[in-house]
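**Q** sequence plus the predicted model coming up.
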Amino acid sequence: MDNLSMDIWLAPSGASQYRLEVSQNYEGSPWYVVVYQVNDLEPTDIRRLKSWTQVLFLMEEIQKSE
């Protein structure tokens, strides 16, 4: 699997819920993640990450921030 693309919906935390658009090998980045707050059209964060492990850590970071 060289080119994955997925949406990940994080469980609601407090008053917020987040959706991540995750793409592998996008625009020269091993992992490209766009973070949206649900019901908001503008991204709250965009990350270019080097590994799937970093994607998992980002999800944990978002969950802990609420």
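**A** Great, that's in hand.

**Q** D2 - how many residues pack around it?
**A** 5 (other C-beta atoms under 10 Å). C-betas here are computed from N, CA, C, even on glycine.

**Q** just say helix, strand or coil for the closest residue to it other than its chain neighbours.
**A** Leaving aside its chain neighbours, D2 sits nearest to N25 (6.2 Å; criterion: C-beta to C-beta, 6 or more residues apart in numbering). Secondary structure, DSSP: H, G, I helix; E, B strand; the rest coil: N25 is strand.

**Q** ok, so what distance separates N25 from N3?
**A** Relative to N3, N25 is positioned 5 Å away (C-beta to C-beta, to the nearest Å).

**Q** neighbour-wise, which of the two wins?
**A** Between N25 and N3, N25 has the larger neighbour count (other C-beta under 10 Å), namely 13 against 8.

**Q** next one: that one from A11, what distance?
**A** 28 Å.

**Q** which residue, other than its chain neighbours, is closest to Y36?
**A** Nearest one to Y36, counting by C-beta to C-beta, 6+ apart, is R19 at 4.9 Å.

**Q** revised request: answer the last question for L4.
**A** Using C-beta to C-beta, 6+ apart, the nearest residue to L4 is Q24, at 4.2 Å.

**Q** in the sheet, who's paired with the residue nearest to Y36?
**A** Legend: beta-bridge partners of R19 under DSSP bridges are W9, Y36.

**Q** for it, what are its contacts?
**A** Contacts for R19 were tallied using C-beta atoms under 8 Å, 6 or more residues apart in numbering; they are D7, I8, W9, L10, V35, Y36, V38.

**Q** mind listing what the residue nearest the centre of the chain touches?
**A** Nearest to the mean C-alpha position of the chain, counting by C-alpha atoms, centre = their mean, stands L20 at 3.4 Å. Shown in contact with L20 (C-beta under 8 Å, 6+ apart): D7, I8, L10, V33, V34, V35, Y36, V55, L58, M59, I62.
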